[in-house]
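> Can you look at this prediction? I've put the sequence above it.
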Amino acid sequence: MGADSFSNGFVWIDFRSLPKLSSQDEDGPPSHSQHYPGVDHFEPIPHDHDFCERVVINVSGLRFETQLRTLNQFPETLLGDPARRIRYFDPLRNEYFFDRNRPSFDAILYYYQSGGRLRRPVNVPLDVFSEEIKFYELGDVATNKF
């Protein structure tokens, strides 16, 4: 057969004895000479790489990463406005540093990622979360949402 049991619970399988799924297994990947629908007309989608740039945000030692375009969705906020955000940039570490409440930042970042949904983490007191919303300048609309 193709498998042997061992006393330690492992099973040894001889993969050479298994049936092949297709001729591609022996011949390698399909050649580009084969016709695939849509491949002849493929055009790359224009992409603005400046907005795909990753941003590192360090909140009291806990590092978060997101894309610049995620933050730029909310230009009226602290993180969404490059002019306000730059005050917290550490050029030596190439990251933004905030000496703030870490558990709250999960929700703050989710606000940007979800297009404006704000959910207070259960382990963060209401007054602490309210202060974080004010600090990050999410605005009255966000404050009234939670």
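It's in.
> Show me what whatever helix or strand A142 lives in is packed up against.
Element membership for A142 (DSSP states H and E) is helix 140-145. If contacts are counted by 3 or more Cβ pairs under 8 Å, 6 or more residues apart in numbering; DSSP states H and E, helix 140-145 sits against helix 126-135. Heads up, the C-betas are built off the backbone N, CA and C, glycines and all.
> What residues of the helix it packs on count as buried?
By neighbour count on 16 or more other Cβ atoms under 10 Å, the buried set for helix 126-135 is V128, F129, E132, I133.
> where along this protein do the strands fall?
All strands of the chain, identified by DSSP state E, fall at 3-5, 11-13, 54-59, 62-67, 89-90, 95-98.
> ok, back up a step: just give me the closest of the buried residues of helix 126-135 to F89.
Using Cβ to Cβ, E132 comes nearest to F89 of the buried residues of helix 126-135, at 19.5 Å.
> for the chain, which helix is longest?
Counting residues, the longest helix found in the chain (DSSP state H) is helix 102-113.
> start to end distance for stretch 85-95?
11 Å (Cα to Cα, to the nearest Å).
> quick one: contacts of that stretch?
Applying Cβ atoms under 8 Å, 6 or more residues apart in numbering, the external contacts of stretch 85-95 come out as V56, I57, N58, R63, L71, L78, L79, Y96, F97, F98.
> Would you check which pair of the buried residues of helix 126-135 lies furthest apart?
V128 and I133, at 10.0 Å, using Cβ to Cβ across the buried residues of helix 126-135.
> Sketch out the low-pLDDT regions of the protein for me.
Within the chain, the stretches with pLDDT under 70 are 1-51, 145-146.
> close enough to count as contact, L78 and I133?
No - shown here, L78 and I133 do not form a contact pair, counting by Cβ atoms under 8 Å, at 10.5 Å.
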